[in-house]
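Engineer: Coordinates for the following, if possible.
(2 chains)
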Amino acid sequence: MRKRSLLAAGLLVVLLVITRLEVPFALRVKDAMSDGFIPFMEATTRLYGGVQELSHRTKRYAQLQVENTDLRRRLSELSSRVAQVGELERENREFRLMLDFKNRSEFKLVPAKIVERDPSNWWNSVLVDRGAADGITRDLPVLTIEGLVGKVVEVMQNHARVLLIVDENCKVSAWLKESGYYGIVQGNALAGGSKAQCRMLFVDRFAQLKPNDKVYTSGLGGVFPKGILIGSLAAAEATDDPRAASLYQSLAITPAVDLARMDEVFIGVGIKPQAAPAALPASPPVKPRVRPSRAPVP
Amino acid sequence: MSRLLIPFSLVAGVILLVTLQCTVVWRWAPWGVHLEMLPPLLVYMAFTVNLPTAFFLGAFAAALYDAFSAAPMGASVIPYLAGVMLFSALRPVFFRGRISTRFMSGLVGGFLILLLQWVFSGKVTLVPWGAVLPKILRLSALCGVLSVAYFSVLDAIFRASGLDPGRFEESPP
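Structural biologist: Predicted coordinates for the structure are as follows:
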């Protein structure tokens, strides 16, 4: 037993001496051992790196999730703000145009907002948020930047009902700007198509008409002031109107205002002392007849 | 209290439908017409409550409708009450549970009410019948569809509340 211990101790000393000495044999042994274990080491390193990466990724994923949620929320907020800014820009542009129109127009205009539409299929009217308290009276013209909308038919304390020009009961004395012919524009929403919702009656049967001729109020009726754009000629040919078969023809007119889309209108409460005629087309070649009555028929 | 639940619900329904009609429904026009939401509700009323209540509800609906329209105040009263009376009178001979009955009642009621509304609008001489009748027919068909929906939804709601909307309630002497 003692001999064996001594032998083992001797071998250990020899091995220590051999490994400490930089002799070729020792180096080979070292290389062999290194080569044998390096793959294992590498695998262990890779495994550890993988575990570390997994741990890191897990943490990162959780962070990314939080960050993603936060970014999505911020993106949503910003998108909403961008939309709001766009809407504000559009509104601002419209208000500027309206203000400009109000300043340029020769009429004293009261801005009004549409609060309700007629529930019936048989009537075309809107309710606006201006009434007797704002100086609104019956038969005042209602218009937008684009042109004539209709006239006030009912006045309440804080609201007024506006009969639209496409309603059959709304009649406007009108003239064709280029052709120079006169007539009566009447609503035709029920019988007309989706665009030509008005018709111009009592136009000379042999009138030489021009396509897309603009139709303006003539001011002859005493209800609507002259020079407000009503619409344009949609069809130069005569429509079937038994009442005007012999001497006159009736024409399809497309309103200048998109009545289905408007939200804000102006109510013309009078004429400014110093009018700005540049904003309006040339007057019709007939001296207007002023009729102060409230009768709606031109 | 439960006896009053149905009439009060119908009053609320009338207010809601008129509000929708004035603010939302005009924005879209299936078949080129704006949906008329009240006539089928009147048919439902006539089938559900007793005649005096239906009469009161019809008059209220007509007054509210005219208040928000350019039509003269009261122009819808006769059409609406005529519809209510007709269907109240015909109620005992109809089986309200059938979809075909609901549809046909809505269609006929809608046609009658809308036709009378048109006549009372005072525009009969201004617009040819050929332009108006197709609109009335289209509206009536839509009223028939709405009637089926009203009967189904409102009956389900009232039954869920423990009421029997189909039960015939005689008017008090």
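Engineer: sec struct for residue 86, please.
Structural biologist: Since you didn't name a chain, this refers to chain A. For A:Gly86, the assignment made with DSSP: H, G, I helix; E, B strand; the rest coil gives helix.
Engineer: that's the wrong chain, I wanted chain B
Structural biologist: The three-state label given to B:Leu86 by three-state DSSP is helix.
Engineer: my guess is it contacts B:Leu116, does it?
Structural biologist: No. Assessed by Cβ atoms under 8 Å, B:Leu86 is found out of contact with B:Leu116, at 10.9 Å. For every residue, glycine as well, the C-beta is placed using N, CA and C.
Engineer: What is the neighbour count of B:Leu116?
Structural biologist: Using other Cβ atoms under 10 Å in any protein chain shown, B:Leu116 has 18 other residues around it.
Engineer: now do the one 5 residues further on
Structural biologist: By the measure other Cβ under 10 Å, the count of residues near B:Ser121 is 24.
Engineer: Which stretches in the chain count as helices?
Structural biologist: In the absence of a named chain, chain A is used. For chain A, applying DSSP state H gives helices covering A:2-20, A:24-104.
Engineer: Sorry, I should have been clearer: chain B.
Structural biologist: Applying DSSP H to chain B gives helices spanning B:2-23, B:38-48, B:51-67, B:77-90, B:99-120, B:129-160.
Engineer: I'd like these laid out as CSV, including distance to chain A and mean pLDDT.
Structural biologist: Shown next, in CSV, are the helices of chain B (distance: least, Cβ to the nearest Cβ, whole Å; pLDDT from 0 to 100):
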stretch, distance to chain A, mean pLDDT
helix B:2-23, 4, 85
helix B:38-48, 8, 92
helix B:51-67, 6, 89
helix B:77-90, 11, 90
helix B:99-120, 6, 92
helix B:129-160, 4, 91
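Engineer: ranking these by burial, who's on top?
Structural biologist: Greatest average neighbour count among the helices of chain B goes to helix B:38-48 (a mean of 28), per mean count of other Cβ atoms under 10 Å in any protein chain shown.
Engineer: between the helices of chain A, which gets the lowest average pLDDT?
Structural biologist: Across the helices of chain A, helix A:2-20 has the smallest mean pLDDT, namely a mean of 71.
Engineer: B:Arg159 reaches B:Pro165, doesn't it?
Structural biologist: Yes. Counting by Cβ under 8 Å, B:Arg159 touches B:Pro165, with 7.1 Å between them.
Engineer: related to what we said a few turns ago, show me the one of the helices of chain A that comes nearest chain B.
Structural biologist: helix A:24-104 (18.3 Å; Cβ to the nearest Cβ).
Engineer: ok and the residue in the stretch 151-298 of chain A nearest chain B?
Structural biologist: Of all residues in the stretch 151-298 of chain A, the one sitting closest to chain B is A:Ala191 (3.8 Å; Cβ to the nearest Cβ).
Engineer: Now for that residue: which residues touch it?
Structural biologist: B:Val127, B:Pro128, B:Ala131, B:Val132 (Cβ atoms under 8 Å, 6 or more residues apart in numbering or on different chains).
Engineer: what's the most distant pair in those residues?
Structural biologist: Pairwise distances across the contacts of A:Ala191 (Cβ to Cβ) peak at 7.4 Å, for the pair B:Pro128 and B:Val132.
Engineer: Chain A against chain B: which residues are in contact?
Structural biologist: A:116-125, A:127, A:153-154, A:161, A:163, A:167-169, A:190-191, A:194, A:260 (Cβ under 8 Å from any Cβ of the partner chain).
Engineer: Give the ChimeraX command for selecting the buried subset of those residues.
Structural biologist: Listed next is the ChimeraX selection for buried residues among the residues of chain A next to chain B, using 16 or more other Cβ atoms under 10 Å in any protein chain shown:
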select /A:116,117,118,119,120,121,122,123,124,125,127,153,161,163,167,168,169,190,191
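Engineer: Which members of the residues of chain A next to chain B are positioned in strands?
Structural biologist: Using DSSP state E, the subset of these located in strands is A:Glu116, A:Arg117, A:Ser125, A:Leu127, A:Val153, A:Glu154, A:Arg161, A:Leu163.
Engineer: Contact partners for the residue lying closest to the fifth one once chain neighbours are set aside?
Structural biologist: This means A:Val153. Leaving aside its chain neighbours, A:Val153 sits nearest to A:Leu163 (4.5 Å; criterion: Cβ to Cβ, 6 or more residues apart in numbering or on different chains). Applying Cβ under 8 Å, 6+ apart, we find A:Leu163 in contact with A:Trp123, A:Asn124, A:Ser125, A:Gly150, A:Lys151, A:Val152, A:Val153, A:Asn169, A:Cys170, B:Ala70.
Engineer: List the beta-bridge partners for the third one.
Structural biologist: Think A:Ser125. Beta bridges link A:Ser125 to A:Leu163, judged by DSSP bridges.
Engineer: wait, isn't it in contact with A:Val153?
Structural biologist: Yes. If you go by Cβ under 8 Å, A:Ser125 and A:Val153 touch, sitting 7.2 Å apart.
Engineer: Could you name every residue contacting both of those two?
Structural biologist: A:Arg161, A:Val162, A:Leu163, B:Ala70.
Engineer: tally of neighbours for the last one?
Structural biologist: The one in question is B:Ala70. Counted with other Cβ under 10 Å, residues neighbouring B:Ala70 total 25.
Engineer: Turn the helices of chain B into TSV, including distance to A:Arg72.
Structural biologist: Output for the helices of chain B, formatted as TSV (distance: least, Cβ to Cβ, whole Å):
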stretch	distance to A:Arg72
helix B:2-23	34
helix B:38-48	44
helix B:51-67	46
helix B:77-90	52
helix B:99-120	47
helix B:129-160	38
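Engineer: what's the distance between the residue nearest to the spatial centre of chain B and B:Gly97?
Structural biologist: Compute the mean C-alpha point of chain B, and by Cα atoms, centre = their mean the closest residue is B:Pro39, 2.3 Å away. Applying Cβ to Cβ, to the nearest Å, the value for B:Pro39 to B:Gly97 is 21 Å.
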